[in-house]
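In: Here is my input; please provide its structure:
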Amino acid sequence: MQRLQWEQLVVGLCLLASVVPAQAEAVLRVLAWPGYADADVVREFEQRTFSKVEVTLVESDTELWQRFSHNEGADFDVMAVNTAELQRYIQQRLVAAIDPADIPNLARQLPRFRQRQDIPGLVHAGQSYAIPYTYSEMGLIYDRRQLPQPPDSIAALWDRRYQGKVIAYNGGVHNFSLAAQSLGFASPFRIAPAQLPAVVSQLIALRRNVSGFYTGPAESVAMFKERHAALMFANFGSQQVQLLKAAGVDAGYAIPREGALAWLDCWAVSRKARDPQLAARWINYLLEDMPGRVLLQRQGLANTTSASPYFKHNARIVWLQPPESAERRDKLWARILAGDRAGKVLQP
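Out: Take a look at the predicted model:
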């Protein structure tokens with residue numbers, strides 16, 4: 001009898017050993033922006049789900065598209081993308097519809113984010129393709145010591161008084177929108193061919209006025225400090241303000257009278273995700289209190305489950321929309337950045 005019991009115990013332990021490694025081998029591949037998947041946030045999720053999270057960070061919409069679309073989305077399970085950029089992923093059938101029933105924490109979101117059908121680009125044919133996560137306006141950051149009064153217009157980026165003391169973002173899509181705004185065009189997201197020469201000339205003038213172009217939040221802080229900049233276009237919004245203050249910079253933040261471009265980043269699931277349920281658990285987890293506090297307190301970014309102390313609700317906000325051609329904007333921006341003159345930039 002004792003021998004039989006011992007053999008049963010050994011068999012049971014072997015079966016348990018065969019199950020545990022299978023659970024531990026679950027891997028979630030995340031494509032995100034800096035600050036969206038910090039190590040402690042990831043570690044908590046891994047411990048709960050007995051999984052391994054592999055995080056890849058990007059610093060531009062162009063890089064996000066290149067990485068995700070490279071293998072038709074098969075290299076990643078879930079990604080963070082803004083509502084404007086999301087549209088081309090849906091059109092190319094790279095992301096899957098999300099079943100709200102798989103994400104019970106949607107009930108914790110503020111009313112404006114629970115009404116996904118009212119947020120342009122999230123719902124297609126009655127199905128949700130992304131879940132709102134964080135948002136910010138893209139205002140103007142300034143050094144209070146050099147600018148006692150906050151800048152009130154986008155035109156400050158072109159002001160010759162600040163030549164060599166301006167920092168801007170290295171991204172064609174947003175910079176073309178910014179230039180169109182500064183020129184007073186009706187829509188910064190629909191630049192007609194006849195308007196391109198003026199926009200290109202405006203961006204060449206910006207290139208000549210800036211000290212440098214950054215890609216990520218950390219780089220923008222280092223550049224702002226090292227070059228003693230007076231003014232910066234905040235592509236990452238309040239996240240950069242928070243980082244600058246933590247670095248000892250007396251940074252102010254202003255929304256220009258023309259209005260600030262603003263983004264709403266969401267989580268979307270790859271159509272070729274290996275484990276869609278694990279991806280849904282990741283999204284659901286990030287709507288809990290701890291990840292939300294990390295966004296607010298550490299990153300200076302709003303979450304979708306509590307009121308934001310950073311987002312200026314009374315400011316004029318221009319929510320991002322898909323541009324007329326992201327590819328053309330990026331192509332022309334690369335030429336501008338390389339130092340080409342307007343005539344060469346616009347060559348076919």
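In: give the contact list for E72.
Out: Contacts of E72 were listed using C-beta atoms under 8 Å, 6 or more residues apart in numbering, and they are L94, R271, K272. (Each C-beta comes from the backbone N, C-alpha and C, glycine too.)
In: number of nearby residues for the nearest residue to the last one once chain neighbours are set aside?
Out: Sequence neighbours aside, A74 is the residue nearest to K272 in space, at 4.2 Å (criterion: C-beta to C-beta, 6 or more residues apart in numbering). A count of nearby residues for A74, using other C-beta atoms under 10 Å, gives 15.
In: where's A74, which helix or strand?
Out: Under the criterion DSSP states H and E, no helix or strand holds A74.
In: could you measure it against A273, distance?
Out: 9 Å (C-beta to C-beta, to the nearest Å).
In: before we move on, what about L243?
Out: Distance, L243 to A273, by C-beta to C-beta: 32 Å.
In: Between the two, point out the one with more neighbours.
Out: L243 (23 against 20).
In: if you skip the residues just before and after it, what's nearest to that one?
Out: V221 (4.8 Å).
In: From V249, how far off is that neighbour?
Out: 8 Å.
In: neighbour count winner among the two?
Out: Between V221 and V249, counted using other C-beta under 10 Å, V221 has the larger neighbour count: 23 against 18.
In: Could you list which residues are in contact with that one?
Out: Neighbours of V221 in contact, by C-beta under 8 Å, 6+ apart: Q240, L243, L244, A247, V249.
In: quick one, phi/psi of the last one?
Out: So that's V249. phi -90, psi 130 (degrees, to the nearest 10).
In: try the first one
Out: Summarising the backbone geometry of Q240 under the convention degrees, to the nearest 10, its torsions are phi -70, psi -40.
In: Return the distance of it relative to F68.
Out: When Q240 is compared with F68 (using C-beta to C-beta), they lie 24 Å apart.
In: When these two are compared, which one has more neighbours?
Out: Higher neighbour count among Q240 and F68: Q240, with 29 against 25, using other C-beta under 10 Å.
In: My guess is that one contacts M232. True?
Out: Yes. When contacts are counted by C-beta atoms under 8 Å, Q240 is listed as touching M232 (7.4 Å).
In: What ranges does the stretch 151-300 of the chain have for its strands?
Out: 166-169, 210-214, 231-233, 251-254, 260-270 (DSSP state E, counting those that start in this stretch).
In: Reformat the ones you listed as a markdown table; add distance to S128, mean neighbour count and mean pLDDT.
Out: As requested, the strands of the stretch 151-300 of the chain are exported to a markdown table (distance: least, C-beta to C-beta, whole Å; neighbours: other C-beta atoms under 10 Å; pLDDT from 0 to 100):
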| stretch | distance to S128 | mean neighbour count | mean pLDDT |
| --- | --- | --- | --- |
| strand 166-169 | 30 | 23 | 98 |
| strand 210-214 | 33 | 20 | 97 |
| strand 231-233 | 32 | 27 | 98 |
| strand 251-254 | 32 | 20 | 95 |
| strand 260-270 | 9 | 25 | 96 |
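In: Could you say which one of the ones you listed comes nearest to Q115?
Out: strand 260-270 (12.9 Å; C-beta to C-beta).
In: and the closest one, C-alpha only, in CSV?
Out: Output in CSV follows, covering the C-alpha atoms of strand 260-270 (Å, rounded to 0.1, in the frame of the first residue of the first chain):
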residue,chain,number,x,y,z
ALA,A,260,-2.9,72.3,-29.5
LEU,A,261,-2.7,69.1,-31.5
ALA,A,262,-3.8,66.3,-29.1
TRP,A,263,-3.5,62.5,-29.2
LEU,A,264,-5.4,59.7,-27.6
ASP,A,265,-3.4,56.5,-27.4
CYS,A,266,-5.1,53.1,-27.3
TRP,A,267,-4.2,49.5,-27.0
ALA,A,268,-4.9,47.3,-30.1
VAL,A,269,-4.5,43.6,-30.6
SER,A,270,-2.7,42.1,-33.6
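In: Okay, now the sheet partners of that strand, with direction.
Out: Next to strand 260-270 in the sheet, as set by DSSP bridges, lie strand 78-82 (antiparallel), strand 95-96 (antiparallel), strand 131-138 (antiparallel), strand 317-319 (parallel).
In: Thanks a lot, catch you later.
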